[in-house]
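**Student:** Turn this into a model:
(chains A, B, C and D)
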Amino acid sequence: MSDKLKKVLVANRGEIAVRVLRACREEGIPSVAVFSDADRNALHVRLADEAVNIGPPPAAQSYLAGEKIIAAALRCGCDSIHPGYGFLSENGDFADAVAAAGLIFIGPPGRAMREMGDKVRARARMRAAGVPIAPGSEGAVDDLAEIRRVAAEIGLPVMIKAAAGGGGKGIRVVRDAADLGKAFEMARSEAEKAFKSGAVYVEKFLDKPRHVEIQVLADRHGHVIHLGERECSIQRRHQKIIEETPCVLVDEDMRRRMGEAAVQAAREVGYENAGTVEFLVDARRNFHFLEMNTRLQVEHPITESVTGIDIVREQLRIAAGRPLSLGQDDVTFRGHAIEARICAEDPDNAFLPAVGVIKNLDLPGGGSVRVDAGLYEGMKVDVYYDSLLAKLVVRANDRAEAIARMKRALAEFQVTGVKTNIGFLLRVLEIGDFLAGEYDTGFIERHRAELFAPPSDGAERDVALLAVTLAHELRRLRSLRAERRGGGAGGEMSAWRRAGRRED
Amino acid sequence: MSDKLKKVLVANRGEIAVRVLRACREEGIPSVAVFSDADRNALHVRLADEAVNIGPPPAAQSYLAGEKIIAAALRCGCDSIHPGYGFLSENGDFADAVAAAGLIFIGPPGRAMREMGDKVRARARMRAAGVPIAPGSEGAVDDLAEIRRVAAEIGLPVMIKAAAGGGGKGIRVVRDAADLGKAFEMARSEAEKAFKSGAVYVEKFLDKPRHVEIQVLADRHGHVIHLGERECSIQRRHQKIIEETPCVLVDEDMRRRMGEAAVQAAREVGYENAGTVEFLVDARRNFHFLEMNTRLQVEHPITESVTGIDIVREQLRIAAGRPLSLGQDDVTFRGHAIEARICAEDPDNAFLPAVGVIKNLDLPGGGSVRVDAGLYEGMKVDVYYDSLLAKLVVRANDRAEAIARMKRALAEFQVTGVKTNIGFLLRVLEIGDFLAGEYDTGFIERHRAELFAPPSDGAERDVALLAVTLAHELRRLRSLRAERRGGGAGGEMSAWRRAGRRED
Amino acid sequence: MRYFVRIGGKELEVDARERGRGLEVRLGDRVHAVDTAVVEAGLKYSVLVDGRSFAVSVDGDGRKLALIINGRAYQVEVEDERERAGRAIGSGGSSGGGVVESVMPGIVRRVEVEPGSRVKAGDRLLILEAMKMENEICAEMDGVVEKVHVADGQTVEGGAPLVTLKAPAEAGPAAA
Amino acid sequence: MRYFVRIGGKELEVDARERGRGLEVRLGDRVHAVDTAVVEAGLKYSVLVDGRSFAVSVDGDGRKLALIINGRAYQVEVEDERERAGRAIGSGGSSGGGVVESVMPGIVRRVEVEPGSRVKAGDRLLILEAMKMENEICAEMDGVVEKVHVADGQTVEGGAPLVTLKAPAEAGPAAA
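**Tutor:** All right, here's what the predicted structure looks like:
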């Protein structure tokens, strides 16, 4: 077996497909993109060496159609498939089907994915392996009475979660016993739709929990290392929007202990390739195994920023059978990194997804600023796929400098044509508790008043002045265009000239 | 005195003004941009907190008009001025005038600049301080006879260089004694125009010299450190186009010795703030002091990439009187960084500057890729200023990975509307000697045949196919637009619909 | 030209007149010198207000504008005096009735109210699925459902009316 | 439609015909399936040639096109069969005379030849200053200066004629 993959099919779209394609290009491996009819123009199609249409826009008929993807890989002469995150990335049966077709699945074995994918079974195995877990139901529960019993035993609040869950889908928090029924019903329905399994389980909802995860890398030769933690507690709708590393709570000793637990978790299921072990950390800095994400994580770039390690290139090398190029002692951390997720959504309207066509796009630049995106002017943002438009990642020498850099970069990131959460992210970065590092997964809910405060009087004045200035300009532009269309007599040319001069 | 500047005026334009403004924003210091009439729309104007028009496009009436700039700084309530590079950055008299106006010049004292700015005097002082220098004339020479005498003494080839030079201007290499007269004349004329001083001197042109420079930082409290070397030998028209760090030639011991020589040079002239000591390194790895650039260097980002130190923020802190935040032992290097300068020029036409209006612009993204630019769609590139459009900087774990990453990023960097050297840079990165690290300042001249080779047969086929495809599309688009303008009868609508469908 | 700008709940009156190459803009008792440069017509502008620099992107071309100013988005409504005068004559006093519109395209998963239902602000009206998430669409005010415009399973466009609510005052005395 | 493509010194003949949503393109003895998608009309396209993906930017809209394909720039000339037929009829055999044009706007610093000067390929004709650099404008062929179009200190646009050269053959027997 060669120590390099021959040709990789990237079974994904958007920024993560772009991310993986770039790694292939840099590693000197030819790449194949797949695309649905909605994505013919997409950046990932343009950056790949080859591209294959795999069906209509709905994911079930394209990016989730495993058999089409495997067929495309075989037809193009690929020897491997990278699933990205989402879609088929945590589908153990797909991983097995890829292997059965004689291809390399760039990720863990299907067996390890199934072990971890069933959150109920994973909890049991981790408990047995000595990895600390949160209190909750012993297994899956499928009637309300049992849910009520467990909730009473471990005490409210509790979370009702999809056994096959991930990405914040199929999760409901219940603080009042009266809401258990409704929450059970919605979690089950969402789980059914997202994962084709309505199985749910109950877990203690920790008091002010922080969501801290550990990145691991495991090769085929039994080496498992961790790359430190990521703090992911800033969430809305149970989905992360800001992540950072290091976590202010984690000192060297705690990082070592969490790292060892994560490595133990990976070893327990015979893990291979990149993965992430998620923990909930309570106010007393106890950590509890939450779940393992058996795939590349959205927020992996912050780890790359502080360690200097290219996780996707490591994935490609591990999949080719190479041993890890570095040991645990070679992993060092430099500075502080933050990621902000730029989403097409309307924070003022319950963060509901927004749609549109990107009219103008300005990406930030400069030192230690990284943009991972599949964005371009003219791109249609529609309802078929995830609302994540781009990830903005900064690194600096310390947390305060990283926050300042992130604010600077967010202010340069201008998107028109679709509503985004950029302004909201900027507001988060100004909240005192965030600056102090004092936050948990309830942060956004708790700071609603500040986060949605109206602009200050000074800002309001500026906005009013600029609104009128722009309205005035747009009127000028309209009349100019009307004149151009109409031809216009000599006397009316002056307005055109006046406008044209400024448009120079 | 506070330990933070109050408000900074950035006396520059283009990417470096943007660079400095970003540092001010991140440091929490209000900023003022200045702009000529040609730059009203420029990115640096839009990214500053305030902006002041300082005159017509020619630099002599705007960016070189020191008195206007100082007046603007005073009027806006600034306490300091950052000169960037080029323009007034190495003008000691300007630095003195800034100080005389009660403002802080963010750079070295005028005295140190003059000592180093006069290349002839600098050579003498360095020789006295024990810093190795290249053989050449003892002082300035102003007649051909003296030039001939020195050339005979040290042996051809020699360089005739402007005493006040920098940035590759006013330099002529002479290999044949018969050309001494013509070269003398042109160097003097260019020097006269660029620096208002026609004084020149003669220096040995080293056999296959490499251009290696050391970045230094010096505070007001006597601390001077160096941040390692940059290899800048890939040059055309005596201007750098690709820089990298570390230099393949430099090992730890040589880095220490060069670093100490650079620190000694800075101390000798009472240097303060950021500066760069340039050395020529001959084939036997001997290094000779060439000159000191008493300002921020274009290629400073590669040093930032491997050290993690933000040089411009250090400049702002040093200027505020703060001691260096780190000692020599705190400076560590991680991986390998390369910068490529994207210029508006035509490599196929002797690298002559190109002009135009930027129509389409795609910047590369992803991990460890940095773009410093003042570019935007609609920007006019004209003859008033430097042809540097953008700097593309990558970092990776080793040199081979950095080169692969640079190639990937260059391929994503698409500019239309003005010719650029992007394709040329890509070709440089494919030359065997470059990949082997075997190059010197004669690299481009020596590899002309490979660098300007016609495309391979396969590439030619692809270009032909794509050219016809695009030509066909453009014809379709033209007829579509003509139809839209003309209105078009019902029967002709089909073409429009057909075209519109593909434009969706 | 006099303009009326609505930001959040407030309305501000602003006067703008051309002066030389720029504008003179009056707001309250202060007058500002504004210089505007077109970066991309209709999309991107550089605006200097008394020398302070603003990078502004704009979306929309009617009364409602979305402005992005140094990264922050603002929804504003701007009307000039002629438009306001015209509108005052045109339409009398329009309803102000509460039509809940779909803020995005999606699929209606479950309508949970029917005409006559009495709801409180925050009560769920229906569930709309978009981008793979179930989104609860809730009442923004107390009221009575007057009309339900959609049915389960129906695909809707952004801006489509979903439910019409009447304020309790309009709804007459409590039904039951 | 038959096209003639000039790349560097070579000319290739390519046949393109619409087939379904795409094109069928023939070059030499091979036929390729081409699918083109418009990213920005007239500027940016995504082209799949037999499934191989190319991101292509284009500048120009006449016979001369500048293509950027995965970062590399190519200057090509494309003519279709009708254009070629039209051109063959229109103009007979035009001169081919050597007008040296300014490749960029700049200021003429020093003209070093005059009408009648005999020059060799590589000889300097004049110095043009642009972007703060002095650029030597040299003869690309041996010849005799027929006309000098500019004077010292003159500002010129890109494309402006600078010097007209006659080939030695056209120049008749050596003058002195």
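**Student:** Could you list which residues are in contact with A:L43?
**Tutor:** By Cβ atoms under 8 Å, 6 or more residues apart in numbering or on different chains, the contact set of A:L43 is A:V18, A:A373, A:G374, A:L375, A:Y376. (C-beta placed from N, C-alpha, C; glycine too.)
**Student:** Need the pLDDT of the spatially closest residue to C:R118 that is not a sequence neighbour.
**Tutor:** Nearest non-adjacent residue to C:R118, counting by Cβ to Cβ, 6 or more residues apart in numbering or on different chains: C:V144, 5.3 Å away. C:V144 is assigned 89 on the pLDDT scale.
**Student:** what's the neighbour count on C:V144?
**Tutor:** 20 (other Cβ atoms under 10 Å in any protein chain shown).
**Student:** and if you look at the one 4 residues further on?
**Tutor:** The local packing count at C:V148 equals 20, with neighbours defined by other Cβ under 10 Å.
**Student:** Angles on the backbone of the closest residue to A:G130 other than its chain neighbours, please.
**Tutor:** Closest residue to A:G130 apart from its sequence neighbours, by Cβ to Cβ, 6+ apart: A:Q264 at 7.0 Å. A:Q264 has phi and psi values of phi -60, psi -40 when expressed as degrees, to the nearest 10.
**Student:** For A:Q264, give me the pLDDT.
**Tutor:** 97.
**Student:** What of A:S197?
**Tutor:** With respect to pLDDT, A:S197 scores 83.
**Student:** In which helix or strand does it reside?
**Tutor:** Here A:S197 sits in a region with no helix or strand, counting by DSSP states H and E.
**Student:** can you check A:E185 too?
**Tutor:** Using DSSP H and E, A:E185 falls in helix A:180-195.
**Student:** Remind me what that helix packs against, helices and strands.
**Tutor:** helix A:144-154, strand A:158-166, strand A:169-174, strand A:200-204, strand C:133-138 (3 or more Cβ pairs under 8 Å, 6 or more residues apart in numbering or on different chains; DSSP states H and E).
**Student:** what's the angle between it and strand C:133-138?
**Tutor:** 140 degrees (axes from the mean of the first three to the mean of the last three Cα atoms, to 10 degrees).
**Student:** so where does A:L290 fall, helix or strand?
**Tutor:** Using DSSP H and E, A:L290 maps to strand A:287-293.
**Student:** could the helices and strands packed on helix A:180-195 be laid out in a markdown table, adding mean neighbour count?
**Tutor:** Below are the helices and strands packed on helix A:180-195 laid out as a markdown table (neighbours: other Cβ atoms under 10 Å in any protein chain shown):
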| stretch | mean neighbour count |
| --- | --- |
| helix A:144-154 | 16 |
| strand A:158-166 | 24 |
| strand A:169-174 | 22 |
| strand A:200-204 | 25 |
| strand C:133-138 | 19 |
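**Student:** domain ranges for chain C?
**Tutor:** Under automatic domain parsing, the residue ranges defining each domain of chain C are C:2-90, C:98-166.
**Student:** Next up, the contacts around C:E77.
**Tutor:** Contacts of C:E77 (Cβ under 8 Å, 6+ apart): C:V5, C:R6, C:R63, C:K64, C:L65.
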